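Participant: Sharing a model prediction with you, sequence too.
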Amino acid sequence: MALADLTITDAAAGLRSGAHTSVDLTEAVLERASMTEAEIHAYLTIDREAALEAASGADQELASGHDRGTLHGIPIALKDNMCQRGVETTAASQILAGYRPPYDATVVTRLRNAGSVLIGKANLDEFAMGSSTENSAYGPTRNPWDTGRVPGGSSGGSAAAVAAGSALGALGSDTGGSIRQPGSLCGVVGMKPTYGTVSRYGLIAFASSLDQIGPITRTVDDAVALLQGITGHDPLDATSWAGEYPELASELDAGVAGKRIGVVTEFGGEGYEPAVTAALTSTLDQLSDAGADIVEVSLPTVELALSAYYLIAPAECSANLARFDGIRYGLRLEGETTEEMMARTRAQGFGPEVIRRILLGTYALSAGYYDAFYGQAHKARTVLRNEFAAAYEQVDVLMSPTSPTVAFPFDAKSDPLSMYLSDVCTIPSNLSGDPAISVPVGLDDQGLPLGVQVMAPAMGEPVMFAVAKEIERLAGFDARPRMVQELA
Amino acid sequence: MTETAAWEPVIGIEVHVELATQSKMFCGCAVGFGNDPNTNVCPTCLALPGALPVTNGRAIEWITKIGLALNCEISEWSVFHRKNYFYADLPKNYQISQFDIPVCHDGWLDVDADGETVRIGIERAHQEEDTGKSLHIGDGGRIHAATETLLDFNRAGVPLVEVVSKPDIRSAAQARAYAQTLREVVAELDVSDARLEEGSIRFDANISVRRGPEAEFGTKVEIKNMNSFRSLERAVDFEIKRQIAELESGGTVIQETRHWDEEAGVTSSMRTKEGSSDYRYFTEPDLVPIVVSPAWREEIRATLPELPHQRKARYAGLGVDSQTSLALSSADPQLRDLFDGAISAGADSRSAANWITGEIVAWMRREETDSIELTPEHLAEMLAMIDGNELSASAAKDVLDGLLRGEGTARQVAESRDLLQMTDAGAIESAVDAVLAENPDAVERYQGGEQKVVGFLVGQVMRATQGKADPKAVNVLLREKLS
């Protein structure tokens, strides 16, 4: 297997057995990027020299016996909404064109401390608002499985890079499914951790109460390893969990025998592609055969989740994005007055979807509308949380499709509402703050990846990973995009 | 009631107090006045993309202290909100503030004005952050004609406590007294520099007038830009008169914000508030609720110092007259400690207060020093020596000088400076006899009915004894001998 197609776990083993060096791995993914980027456009920035320098440093450390663990010397991509000191960070927006942060996000610091090699900044929907990466101001990312189709979003660049072999793993951010849905559409593992377990410091905020950074990898083991490298309390993030963290891998090989798995009945039917439903059904059958107890669970309030999300997330983003005013950094258009300068800068600097959400959120928070919109949405969120909590009294994990559809063609969802429906299965876990993971289980008859989602209660990562790993084992999914097979 | 019930002003005051914590409200930047522009800044207070706020626990302790000093209820659990508005000196274009659940609410403050004590209700005191400062360049610094605006974010994110009074204030003098008293409290708590001239304490007033205490509130006007207590009083007074004149001439008061022009002595319209501004408040999702547990609250309460009005009341209880107690309660804290110490050491409270606010303050001013070596025990000792006729009032001033310079106990100073009064009756009597013998003319005049000549004779005895005889005793003795 080509070095660029190794799992993190295998690459880490090879670094220690002397099969290859970090420089070999890094050159391999950079080489792969040089072959795929013209078509895929997974990256907004590739920092080739810094990556090779970091790789060489990792090799020296490993050679001298200074072993920082599994991520040491592993090439990783960062979604471009995470600040990396001195490296252009735009969140795929014109308004941040040329912006170089003077500080590292906490996840970046942690990856550096873990010895990872940072390859570059992956493309996304502008400010992580979208489900296809078509909203990037710098052009869309294409799906390595079919370059006529989207990779999903908003972490489309991260998922496409991992699928294409231009990174061994990547970080994405997930506000309503932005890690899991592109993971599903690109045939890779995408995982959203429990809210508060990965620091948001240095993540360019979309919706603060929903945003969470997580891993995108080729295997569940790799997701555990990458999450291990970035999780933990951070005093710079007031919402960071300060209590005990579960041992992520503690149940990893426990299988599913005796576990109760709930199938959310509301996630199915109209709008779900038959192949998607079939993939879930066959996965559940396999799990049942492996000894799991499959039960149907109804969460009636998930029907309101999408509506609640599209009030809460825009409301928060309307304030979070207010700082982009042309005064201190980024784009500035001149104006006769300060107000005119701000208005012109924002009108020019933000793309249409970002403007739509700022307007939605501003409206939802306005006097006279607050109670009917934002206030109601919060009530729905509370009810939904309680429903999830009650469900987890009955079952260990919940399951659903990750996305109602496989990867769709470009411009197929130009109507915003149809695009918003892409996240119908993933949004509830953001509202509840619980962890969830998408695991690839197969391909549809067009050769496009299919994923299933496993959801667990807060801090339930160990059981979630256990079920995910069993799904992965039972599915035996090891297909790679044709373009990758041809290159390798 | 028909026609003319007298106009009654209804005034509420908002006070912004910058806390003098070491670091800002939501980041580790230093809080300081007068640093070079944009030197106390970081990703968080500059609102760089991705940066997050973390609450300064010391600020929460201090706002709780302020709330307790203002007799407020302290919320066990309160939340930060985002107050959204676009302004160049507000880096995030929202201010982290509090909305429906402030840290402190429902308190009061007693203030003295127009010869009476009035209790002004405190609606709330909430925690927020300060903005940066704009400097408008070109055309005299006026915002609308400026060609450039420079921004300094050193102040952005400095902890700010907003104290909102109830509309209980009824005159310009009360408004001033309220502001002054509140400043004294904050200064006493040592949580703010509380300097008007540096903007670390700022006042806005909401004013309306109505026909008598039973009438509905009138339309209120907010006035800004009062930079001293005097300008606050003048501005409120002006605005009350302006509104009354407006209404009496058949006009209406419009709800607006008005700017106080100190030089012209008038308020002028800044902008009309169409309804109230819509700040689209919502819970700050980057922060967790503020928790002040009852246990922590009581710990904080235990650290409260004696507040100025409490001190005045205590002094009054000790028999100190109101003017002296006012002087003492606002005196240098070391002098108040000296007073309390002297009382503990047995001194008479009135004498101690008089000596401290009189001679000691005068000495410090004359010597241009804040440093005094006087101990409470020595002051008490000196006062006892005066009572025991061992020191004359004038000799005591001399002793005090020695005590303030640390020359020893009162007795040691009196001895070394040779200031003790003569207490030996025989010695005084022989001095008196000698003076009478030397001044037969005076004796004759006295016996001829010229009483006032005794003064001359007392003076002669004092001279003969180098001032150490007790003049009262000499006087009595002389009259005995002459009669």
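Facilitator: Looks like it arrived, so ask away.
Participant: any idea how far chain B is from A:Met341?
Facilitator: Computed with Cβ to the nearest Cβ, to the nearest Å, the distance linking A:Met341 and chain B is 9 Å. The C-beta positions use only the backbone N, C-alpha and C, and glycine is treated the same way.
Participant: Quick one: neighbours of that residue, just the number.
Facilitator: As a burial measure, A:Met341 scores 19 neighbours (other Cβ atoms under 10 Å in any protein chain shown).
Participant: So for it, what pLDDT did the model give?
Facilitator: As predicted, A:Met341 sits at a pLDDT of 95.
Participant: Let me see the mean pLDDT of stretch A:292-308.
Facilitator: On average, stretch A:292-308 scores 96.
Participant: now the end-to-end length of it.
Facilitator: 33 Å (Cα to Cα, to the nearest Å).
Participant: Repeat that for stretch A:411-426.
Facilitator: Stretch A:411-426: ends 22 Å apart by Cα to Cα.
Participant: Buried residues in that stretch, which are they?
Facilitator: A:Lys413, A:Met419, A:Tyr420, A:Leu421, A:Ser422, A:Asp423, A:Val424, A:Cys425, A:Thr426 (16 or more other Cβ atoms under 10 Å in any protein chain shown).
Participant: before we move on, what about stretch A:268-284?
Facilitator: Within stretch A:268-284, the residues that count as buried by 16+ other Cβ under 10 Å are A:Gly268, A:Tyr272, A:Glu273, A:Ala275, A:Val276, A:Thr277, A:Ala279, A:Leu280, A:Ser282, A:Thr283, A:Leu284.
Participant: List the contacts of it.
Facilitator: A:261, A:263, A:294, A:399-401, A:403-406, A:421, A:424, A:441-442, A:444-445, A:450-452, A:471, A:474-475 (Cβ atoms under 8 Å, 6 or more residues apart in numbering or on different chains).
Participant: mind running it again at 6 Å?
Facilitator: A:Ile294, A:Pro401, A:Pro404, A:Thr405, A:Val441, A:Gly442, A:Asp444, A:Leu450, A:Val452, A:Ile471 (Cβ atoms under 6 Å, 6 or more residues apart in numbering or on different chains).
Participant: Closest to A:Ser17 out of the residues you listed?
Facilitator: A:Ile471 (29.1 Å; Cβ to Cβ).
Participant: Now the helix or strand containing the closest one: average pLDDT?
Facilitator: Using DSSP states H and E, A:Ile471 falls within helix A:461-475. On average, the pLDDT along helix A:461-475 is 98.
Participant: Now it: buried residues?
Facilitator: Those would be A:461-472, A:474-475, for helix A:461-475 by 16+ other Cβ under 10 Å.
Participant: And for stretch A:109-121?
Facilitator: Neighbour-count burial for stretch A:109-121 flags A:Thr109, A:Arg110, A:Leu111, A:Arg112, A:Ala114, A:Gly115, A:Ser116, A:Val117, A:Leu118, A:Ile119, A:Gly120, A:Lys121 (criterion: 16+ other Cβ under 10 Å).
Participant: Show only the entries of the residues you listed found in strands.
Facilitator: Those of the buried residues of stretch A:109-121 mapping onto strands are A:Val117, A:Leu118, A:Ile119, A:Gly120, A:Lys121, per DSSP state E.
Participant: ok, back up a step: I'd like the buried residues of helix A:461-475 as TSV, with distance to A:Tyr329 appended.
Facilitator: As requested, the buried residues of helix A:461-475 are arranged in TSV below (distance: Cβ to Cβ, whole Å):
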residue	distance to A:Tyr329
A:Glu461	36
A:Pro462	41
A:Val463	43
A:Met464	38
A:Phe465	39
A:Ala466	44
A:Val467	44
A:Ala468	40
A:Lys469	43
A:Glu470	47
A:Ile471	44
A:Glu472	43
A:Leu474	49
A:Ala475	46
